[in-house]
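Peer 1: Predicted model follows, preceded by the sequence.
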There are 2 protein chains.
Amino acid sequence: MGSEEFLEFVKEQDLPFLKDWLSTQPPHAIAAELVRVDAAGMALVFRLLDKGKALAVFEELDPSDQQAILEGLRDRAFRELVEEMDPDDRARLIGEVPAKVARRVLAGLSPYERQMTAALLGYPEGSVGRIMTPEVVVIHRNLTAADAIDVIRTKGGSAETVYTLPVVDDGRKLVGVASLRDLVTADRDELVDALAEKDYVSVRATDEAEYAARLMREANLLDLPIVDSEDRVLGFLTIDDAMEVVEAADTEDVYRQSGSEPLAGAYLLAGIRTLASRRAPWLLLLFVAAILTINVLDVFEENLAEVTALALFIPMITGAGGNTGAQSSTAVVRALALSDVRPRDLPRVLWREARVGAFLGLTLAMAGIGVGMMFADFDLALVVAIALLAVCTWAAIVGGSMPLLAKKLGIDPAVVSAPMVTTLVDATGLVIYFTTARIVLGI
Amino acid sequence: MGSEEFLEFVKEQDLPFLKDWLSTQPPHAIAAELVRVDAAGMALVFRLLDKGKALAVFEELDPSDQQAILEGLRDRAFRELVEEMDPDDRARLIGEVPAKVARRVLAGLSPYERQMTAALLGYPEGSVGRIMTPEVVVIHRNLTAADAIDVIRTKGGSAETVYTLPVVDDGRKLVGVASLRDLVTADRDELVDALAEKDYVSVRATDEAEYAARLMREANLLDLPIVDSEDRVLGFLTIDDAMEVVEAADTEDVYRQSGSEPLAGAYLLAGIRTLASRRAPWLLLLFVAAILTINVLDVFEENLAEVTALALFIPMITGAGGNTGAQSSTAVVRALALSDVRPRDLPRVLWREARVGAFLGLTLAMAGIGVGMMFADFDLALVVAIALLAVCTWAAIVGGSMPLLAKKLGIDPAVVSAPMVTTLVDATGLVIYFTTARIVLGI
């Protein structure tokens, strides 16, 4: 059955057929289909799943989509579901849903699970402590490899991973990291202390989650130990959670760079009002900023009245400036996200972008002479060409430096988005264009 | 030592100091600093590393940055380095460097390593076969858990991972997937066949790498088995490689959406000419498309000459349309990348975006009345408001549908980038604006 049919069957509430389909699909495939039906259909399908699979499907969903399902469940099913969730997934859910739903989740938990979740919620939002898995098996440095494997056999049941094992001293202080692979292939009597990697990477629970996640990718780790201020082991960031953090951060950047706030859940599940509410504030802000362009044109209105043909090239020149600025800001925002560039590289980036912008401006200026001659005389074509060169250079400088300045000021560089740079460059570009016209045309 | 100083010491060629610093840093940290110095400095630092660490640092770099290092090495060091690389990393390097460098790499390899790399290079570019690790330990279904662990002890040395183990029948056909965790915690005599997960996910070697990588994230896998057309095990896609594939794909999307081709290596390492060459073709294409706007304005030049004030609002209206279109196209491109939306959702997406666009247009229209009155009379303000409503609705429809149409035609949806939509909406937006003006103002 294709997923087109799936939507049909949900609409027709063909339960036997749906049940059959659900039993043949892996959890992630079911989750992928669920986010494409509406909230009511999602709740319907979800109730058809058997308990174990329901949990697996549930854990594949984003918190805002999880919320839609929870709201459709009766108390008992609700409690069973949240009780079985991993503590880190649960903390993520609670952190992102409205307070009312969060309280209902916490109220439904057993004391043990509630305590574990509360501990995670104690860390600041966006910190790695909030999304770490606290259920880890630690190994004392004085154990042998065989002893360590016994510890894993007895205590490893509830742990999310046993492939990376924090090696600790008497005070639960992290002194190294052992891999299950090394433990399995080592001699039975070899000491864990000798097997452990001492050159390990770890982060504090209060460190930023995105930083920790990108660090894992750079250092190629499956699990990153999380410690407190005295190096005692608190938990792990696992690679699957790290991947989600990176993907969510990338999604946020992508949205911000197009001048809108990111969507929390799946696109098709979000209501029209939600979609509009993510975009409207940015759009209004940019609209207000665009009043600048009217002011500029107002100042030069006499020149416009005298040479109406000047107006012909306005969209082309602001467009070229906007595009050049957007290219520069995007390159720098992405380089910042990947740690290829840091705020203190500002002078280098400025100098690079100025040259790139000048080169691009020169290319467009040559094309612009031709285009200008097609629609106007040589003098005006010359104005267009000079303006293109100057505007592109200026746009590249602005686009390249604004993300770095934002980062220095502690603002998300992606906020200095392409449309933001574009709007700014629109107004200044017009000043450049008309000033050039006044000088060259003598008006 | 901070990284600011690192750059200084590289410039001054302070070798003892550099050596000391290199010995205290983990490979990923060294790699992160290396991409911030120039090619000559990079080669200098690299030669100071001891052999084992050099390899680890080298494997952290992007192929284009690896190439810069290779070109600075003498033959013997060159050969030793490429011989020690993982086959999948080596295939990736060869696939991305110029043919001359690729031949030098292949010529330096031992027959065994050359054969392994050649096998990967036989798969099409962008396929998962190209980046899989072929060095896997397979376990026969009839072994016991204890036997399986013995196989891992003896054969696992060269494997990239032993945490996921393909379980095969006599013909090396995949019949299930076992985890080392289950093998370690099971009874010694339990059969692997009983321990193996039969509901596993696998992909063909010819499948797209990005598809496989995103599948791993969705299904929360550490290793994804890669099979041939007859289900025989060929290798694994490991999670760290999958993360790189996803990150590279995201980078590509981000660049394309700002109207430029992605950069292969680190931003600061790329030359000015490289940067410009990624951006110039797009910029020129958009520039040519912008000629449309001149044509439109040329058609309406009489109206412009009559009511010069019409020109005042051109950048604001095209800007609003461009921003709305960019928001829509970005949301849809990202939803496509995350598989939240599929091409056949076009009618649903169209209807959603039309409503969102109309709502946003209405919001801007109300603001536009006020702004219009500030700079012109009520009639012109009305024109601006009506045009804003129509342009925003139209822009959201265009921005939302173009990525889906592109995907249907087999074009990368990100190519239908924000600037592309913006440029298109600029011209059509002007037609809407002036037509409205003609009707309302009766000119």
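Peer 2: In hand now; what should we look at? Quick caveat: nothing in here was measured; it's all calculated off a predicted structure.
Peer 1: Residue ranges of each domain in chain A, please.
Peer 2: A:3-124, A:139-247, A:271-441 (automatic domain parsing).
Peer 1: With mean neighbour count added, can I get those in a markdown table?
Peer 2: For the C-beta atoms, the positions are set from N, CA and C on the backbone; glycine is no exception. A markdown table is the format used below for the domains of chain A (neighbours: other CB atoms under 10 Å in any protein chain shown):
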| stretch | mean neighbour count |
| --- | --- |
| domain A:3-124 | 17 |
| domain A:139-247 | 19 |
| domain A:271-441 | 22 |
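Peer 1: Compare those and give me the one nearest residue B:184.
Peer 2: Closest approach to residue B:184 among the domains of chain A (CB to CB): domain A:139-247, 6.2 Å.
Peer 1: Run the contact check for that closest one versus chain B.
Peer 2: Yes - where contact is defined by CB under 8 Å from any CB of the partner chain, part of domain A:139-247 touches chain B, namely A:149, A:152-153, A:156-157, A:162-163, A:180-181, A:184-185, A:199, A:201, A:215, A:217-220, A:222, A:239-240, A:242-244, A:246-247.
Peer 1: model confidence over stretch A:125-139, on average?
Peer 2: On average, the pLDDT along stretch A:125-139 is 91.
Peer 1: For it, measure first residue to last.
Peer 2: End-to-end distance for stretch A:125-139, by CA to CA, to the nearest Å: 30 Å.
Peer 1: Quick check: buried residues in it?
Peer 2: Across stretch A:125-139, burial judged by 16 or more other CB atoms under 10 Å in any protein chain shown covers A:127-139.
Peer 1: which among those residues gets closest to chain B?
Peer 2: residue A:137 (10.9 Å; CB to the nearest CB).
Peer 1: in what helix or strand does the closest residue to chain B within the stretch 1-150 of chain A lie?
Peer 2: Closest residue of the stretch 1-150 of chain A to chain B, CB to the nearest CB: residue A:28 (4.2 Å). When elements are assigned from DSSP states H and E, residue A:28 belongs to helix A:27-34.
Peer 1: ok, now which ones touch residue A:225?
Peer 2: A:164, A:166, A:174, A:177, A:200, A:202, A:203, A:233, A:235, A:236 (CB atoms under 8 Å, 6 or more residues apart in numbering or on different chains).
Peer 1: Relative to residue B:74, which of the residues you listed is nearest.
Peer 2: Distance to residue B:74, by CB to CB, is smallest for residue A:200 among the contacts of residue A:225, at 33.8 Å.
Peer 1: Confirm that the closest one sits in a helix.
Peer 2: No - per DSSP: H, G, I helix; E, B strand; the rest coil, residue A:200 lies outside any helix segment and is coil.
Peer 1: all helices of the stretch 201-350 of chain A, in order?
Peer 2: A:209-219, A:239-257, A:272-299, A:301-306, A:309-312, A:314-337, A:346-375 (DSSP state H, counting those that start in this stretch).
Peer 1: near chain B, anything from stretch A:433-441?
Peer 2: No - on the criterion CB under 8 Å from any CB, stretch A:433-441 is out of touch with chain B, staying 10.9 Å away.
Peer 1: Name the residues that touch stretch A:182-202?
Peer 2: Counting by CB under 8 Å, 6+ apart, A:139-149, A:152, A:165, A:167, A:174-179, A:215, A:219, A:221, A:224-227, A:231, B:26, B:28, B:149, B:152-153, B:156-157, B:162, B:180, B:184 sit against stretch A:182-202.
Peer 1: do stretch A:372-390 and chain B meet?
Peer 2: Yes - among the residues of stretch A:372-390, residue A:375 lie within reach of chain B under CB under 8 Å from any CB.
Peer 1: Contacts for that stretch, please.
Peer 2: A:307, A:309-310, A:312-313, A:316-317, A:320, A:358, A:361-362, A:364-366, A:368-371, A:429, A:432-433, A:436-437, A:440-441, B:294, B:298.
Peer 1: switch to 7 Å and redo it
Peer 2: A:309, A:312-313, A:317, A:320, A:361-362, A:364-365, A:368-369, A:432-433, A:436-437, A:440-441, B:294, B:298 (CB atoms under 7 Å, 6 or more residues apart in numbering or on different chains).
Peer 1: swap in stretch A:31-39?
Peer 2: With CB under 7 Å, 6+ apart as the criterion, stretch A:31-39 contacts A:3, A:6-7, A:10, A:42, A:45, A:57, A:60-61, A:65, A:68, A:266, A:268-269, B:218, B:339-340.
Peer 1: go again using 8 Å as the cut-off
Peer 2: Contacts for stretch A:31-39 (CB under 8 Å, 6+ apart): A:3, A:6-7, A:10, A:25, A:42, A:45-46, A:57, A:60-61, A:65, A:68, A:71-72, A:265-266, A:268-269, B:218, B:339-342, B:345.
Peer 1: In which helix or strand does residue A:166 reside?
Peer 2: Using DSSP H and E, residue A:166 falls in strand A:164-168.
Peer 1: Give me the distance from that strand to the chain's centre.
Peer 2: 30 Å (CA atoms, centre = their mean, to the nearest Å).
Peer 1: okay, the angle between that strand and helix A:239-257?
Peer 2: 110 degrees (axes from the mean of the first three to the mean of the last three CA atoms, to 10 degrees).
Peer 1: May I have the strands that pair with strand A:164-168, each with its orientation?
Peer 2: Strand A:164-168 sits in its sheet next to strand A:139-140 (parallel), strand A:174-179 (antiparallel), going by DSSP bridges.
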